[in-house]
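K.L.:
using only what follows, build the 3D model:
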Amino acid sequence: MEGLKSFLQRKNIVISARRYGIDALGAMAQGLFCSLLIGTILDTLGDQLGLAFLVEVGGFASAMSGAAMAVAIGYALQAPPLVLFSLATVGYAANALGSTTLDGGKGAGGPLAVLFIAVIAAELGKAVSKETKVDLLVTPLVTILSGAALSALWAPAIGTAASSVGELIRWSTVLQPFWMGILVSVVIGIALTLPISSAAICAAIGLTGLAGGAAVAGCCANMVGFAVLSFRENRWGGLVSQGIGTSMLQMGNIVKNPKIWLPAILTSAITGPLATCVFHLEMNDPSGGVASGMGTCGLVGQIGVYTGWVNDVATGAKAAITPFDWAGLLLISFVLPAVLCWAFGLFFRRIGWIREGDLKLD
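P.N.:
Below is the predicted model:
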């Protein structure tokens, strides 16, 4: 046992929830953002502006999403160069096979398959790296063959499971838009602020439709909410860094005083059902749900909703983009999170649950 522990330590193989559930998952979301999401945005801009070049570049970026996610995961796991580069093939295979179901249908498990399979392939590659005199052959072969084999064995099943979970959430939200609007909004909003990736979670289960709209509401409640709630402490810099950056910046303060999270959570519990029941806000962008977990980060959530509108109009699922649609998006994304979180924050400050300086960013 000591020998195995020493070997793993020497190879920098750290089997932990943080390494795989936070570092790898967060990196995967960045890889997904830099490929599929950017590709979707460029494709939409190209369609709207009549620029075929942007459409073509967007297609290139989207096609490389599996490779980008796997390489990002390898980077987070501190994989050596030969392992890191080999993961491009592993990610492509896992994403392609995870995007199908066991019966050959369309699945939503591409990102989830990439996460599981790229982690294993990367660790196996790290284990054999520089252990032989023909490392240039052995390391890429072990990484690619193990990843490809696992993709063939597991990815379709993962795609089926992820599709089933996503479909269950979407079906439940349509059936019970009020209660599921609250649940999805609060849970995804909390995930956005925690040091995990809400975008990766939404992408892994393909969180789209009304459920995706509720997820957008929860993310915006946390990002815009914390930005406005902490304005007196952090001023304009904090407004921008949290409002279009990430509410994760407040995690240190939340650990010190968890009550500062209540205004954002309560706000998400209100805006979630408003999104599902009143404005019927849906996330149907072609990225497969990743934008649902982005909120106002770079305005990706809002761009995703708009992209979904355009896609629905093009396919005939939606007649046109109406002023009511725009009003709902603005209210759910910006106005209501700012007003409600500020009001809740004012109340909690007055009763002493939030004290001066509790929201100050270092």
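
K.L.:
so what does the strand or helix carrying residue 40 touch, helix or strand wise?
P.N.:
In this structure, residue 40 sits in helix 38-49 according to DSSP states H and E. If contacts are counted by 3 or more Cβ pairs under 8 Å, 6 or more residues apart in numbering; DSSP states H and E, helix 38-49 sits against helix 52-63, helix 300-315. Where you see a C-beta, it was placed from the backbone N, CA and C, and this is true even at glycine.

K.L.:
report the mean per-residue pLDDT for that helix.
P.N.:
Mean per-residue pLDDT for helix 38-49: 80.

K.L.:
contact partners of it?
P.N.:
With contact meaning Cβ atoms under 8 Å, 6 or more residues apart in numbering, helix 38-49 is reached by 51-63, 65, 285-287, 291, 300, 303-304, 306-307, 310.

K.L.:
now, of the helices and strands packed on helix 38-49, which is deepest in the fold?
P.N.:
helix 300-315 (a mean of 21; mean count of other Cβ atoms under 10 Å).

K.L.:
starting at the chain centroid, how far to that helix?
P.N.:
Centroid separation for helix 300-315 versus its chain: 17 Å, with Cα atoms, centre = their mean, to the nearest Å.

K.L.:
tell me the angle of that helix relative to helix 38-49?
P.N.:
50 degrees (axes from the mean of the first three to the mean of the last three Cα atoms, to 10 degrees).

K.L.:
C-terminal to helix 300-315, what's the next element?
P.N.:
helix 323-330.

K.L.:
and the very next helix or strand once past that next one, what does it pack onto?
P.N.:
Remark: after helix 323-330, the chain's next helix or strand is helix 336-350, criterion DSSP H and E. For helix 336-350, the packing partners by 3+ Cβ pairs under 8 Å, 6+ apart come out as helix 209-229, helix 262-273.

K.L.:
can I get the first one in CSV, CA atoms only?
P.N.:
Taking Å, rounded to 0.1, in the frame of the first residue of the first chain, the C-alpha atoms of helix 209-229 are listed here in CSV:
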residue,chain,number,x,y,z
GLY,A,209,-36.4,24.5,-22.3
LEU,A,210,-38.3,25.9,-19.4
ALA,A,211,-35.9,24.3,-16.9
GLY,A,212,-33.0,26.1,-18.7
GLY,A,213,-34.9,29.4,-18.3
ALA,A,214,-35.3,28.8,-14.6
ALA,A,215,-31.5,28.0,-14.4
VAL,A,216,-30.8,31.3,-16.1
ALA,A,217,-33.0,33.1,-13.5
GLY,A,218,-31.2,31.5,-10.6
CYS,A,219,-27.7,32.3,-12.0
CYS,A,220,-28.7,36.0,-12.6
ALA,A,221,-30.2,36.2,-9.1
ASN,A,222,-26.8,35.3,-7.6
MET,A,223,-24.6,37.3,-10.0
VAL,A,224,-26.6,40.5,-10.3
GLY,A,225,-28.0,40.1,-6.8
PHE,A,226,-24.5,40.0,-5.1
ALA,A,227,-23.3,42.8,-7.4
VAL,A,228,-26.0,45.1,-6.2
LEU,A,229,-26.2,43.8,-2.6
